[in-house]
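Q: dropping the sequence and predicted coords here.
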Amino acid sequence: MTSGRPDITVRGGGIFGLAIAFAAAQRGAGVRLIERTRIGAGSSGGHVGALAPHVPENWNPKKQFQLESLMMAEAFWSEVQRVGGKDPGYARLGRIQPLTDEAQIARAKERAAGATELWKGFATWRVTEAATFAPFVPPSPTGLVIHDTLSARANPRAAGAALVSALEALGAEIIIGEAEEIGPVIHATGAPGLAELNAAFGKTVGTGVKGQSALFRYDAGAVPQLYAESLHIIPHADGTVAIGSTSERDFDAPDTTDIQLDSLIEKACTLCPPLAEAPVIDRWAGVRPRAKSRAPMLGEWPDRPGHFIANGGFKIGFGMAPKVAQVMVDLALDGHDAIPEGFRVADNL
């Protein structure tokens, strides 16, 4: 920190906290980031890292916010790498989804028109031949797939390390454990933070949902990610492929894997045959924060002046992070409120 004293405190070393801290440091603020356990201790320490858009129809503020964040992502992650010197594993390589019948084909073509209107030429959504993407393509009974060019991926653990390196290069203070809060405080504390908010507000504003994922040793190259039968299959730049995740509202152990992950691995090998001979090199389980909706929960902490909340964003945190960081730093440092309808803390109370 140039001044030797923080201008802002960020609590939480997951993707929201790290991205917010980076955005603040980029503006010249002195930043103190406090993480209780370790960087990426919660849901940001998994494998998947899918930065994938909502379908281009029934447009609403959440979808617009996500679109703007996905459009910011390449510049955001390039700057993280430039500043800190570490590769976050980001690439916008698109996504493939199989089309199983004529009704799905017709719906996909309607959505292609929606993408043309809503994505405004930044990316495309089209129906095309599955064979174009062989061998890294899921089975399609119709021989057709959706190929969108908006979807991207980032390697969650590499992205966290890249953000830490960038923060250190900018002079930010990263504390594992506890420390004094100085300046405005942004609480980006994931599922444990939601539990604390539930207690503070005396009602349920969000909850943790367990997820399990696995990592294969398979170098697919620079190819699109797959999404089929509710399963993400994400080729990463380091010669691995991530698959996931389960969504478990009821669970006994938050950080252990079980037969549900075995089933996902089996499904992944069916949907993506090249994985059938590849070894599984890591398994992960963790609890992801889910506000009342899947939208992020952002804004001032009611009746606690100088404190702010950045939480939620169930399953879409990595894609939302650049825009979340921008609006939270605008709010905490400048008093400028650009949080969209449906994202505010009050919307969850």
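A: Okay, I see it.

Q: wait, Ile20 touches Ala310, no?
A: Yes. Contact criterion C-beta atoms under 8 Å: Ile20 and Ala310 qualify, at 6.2 Å. The way it works is simple: take the backbone N, C-alpha and C, and place the C-beta from them, glycine included.

Q: hey, what's in contact with both of those two?
A: Counting by C-beta atoms under 8 Å, 6 or more residues apart in numbering, the shared contacts of Ile20 and Ala310 are 186, 188, 324, 328.

Q: mind listing what's buried along the longest helix along the chain?
A: In the chain, with assignment by DSSP state H, the single longest helix is helix 61-84. Going by neighbour count (16 or more other C-beta atoms under 10 Å), the buried part of helix 61-84 is 62-63, 65-71, 73, 76-77, 80-81, 83-84.

Q: residue ranges of the helices in the stretch 101-250 of the chain, please?
A: Applying DSSP state H, counting those that start in this stretch to the stretch 101-250 of the chain gives helices spanning 102-118, 156-169, 190-201.

Q: report the distance from the longest one to the chain centre.
A: Its chain's C-alpha centre lies 25 Å from the corresponding centre of helix 102-118 when counted by C-alpha atoms, centre = their mean, to the nearest Å.

Q: contact partners of it?
A: 55-57, 59, 63, 67, 99, 123-127, 142, 144, 146, 148, 150.

Q: any of those residues buried? List them.
A: For the contacts of helix 102-118, buried by 16+ other C-beta under 10 Å: 55-56, 63, 67, 99, 123, 125, 127, 144, 146, 148, 150.

Q: okay, and which of the shared contacts of Ile20 and Ala310 map to strands?
A: The strands, defined by DSSP state E, take in Ile186 from those.

Q: how about the shared contacts of Ile20 and Ala310, which pair is most distant?
A: Ile186 and Val324 (10.2 Å; C-beta to C-beta).

Q: list residues touching both of those two?
A: With C-beta under 8 Å, 6+ apart as the test, Ile186 and Val324 both reach 20, 310.

Q: which residues touch Gly319?
A: Each residue near Gly319 by C-beta under 8 Å, 6+ apart is listed here: 50-53, 66, 69-70, 73, 152.

Q: grab the nearest non-local neighbour of it.
A: Distances taken as C-beta to C-beta, 6 or more residues apart in numbering place Leu51 nearest to Gly319, at 4.0 Å, with adjacent residues excluded.

Q: over to Ala222?
A: In space, and not counting its chain neighbours, Ala222 is closest to Leu93: 5.9 Å by C-beta to C-beta, 6+ apart.

Q: same check on Trp301?
A: Using C-beta to C-beta, 6+ apart and skipping residues adjacent in sequence, the residue nearest Trp301 is His307, 4.0 Å away.

Q: what is the neighbour count of that neighbour?
A: By other C-beta atoms under 10 Å, the residues close to His307 number 17.

Q: what of Asp262?
A: Residues near Asp262, counting by other C-beta under 10 Å: 14.

Q: what's in contact with the helix or strand containing it?
A: In the assignment (DSSP states H and E), Asp262 maps to helix 259-271. The contact list for helix 259-271 (C-beta under 8 Å, 6+ apart) reads 138-139, 212-214, 216, 226, 228-229, 231, 233, 243-246, 248, 275-276, 280, 283, 285.

Q: now it: buried residues?
A: Buried residues in helix 259-271, counted by 16+ other C-beta under 10 Å: 260-261, 264-265, 267-269, 271.

Q: and of these, the nearest to Gly202?
A: Gln260 (33.0 Å).

Q: quick one: that closest one from Asp250, how far?
A: Per C-beta to C-beta, to the nearest Å, Gln260 is found 12 Å from Asp250.

Q: one more: Pro289?
A: The value you get for Pro289 to Asp250, if C-beta to C-beta is used, is 16 Å.

Q: neighbour count for those two, which is higher?
A: Applying other C-beta under 10 Å to Pro289 and Asp250 shows that Pro289 carries more neighbours, namely 28 against 6.

Q: on that earlier part again, hang on, the residue nearest to Gly319 packs against Ala154?
A: Yes. Applying C-beta under 8 Å as the test, Leu51 and Ala154 come out as touching, 6.3 Å apart.

Q: what's the overlap in contacts for those two?
A: 73, 318.
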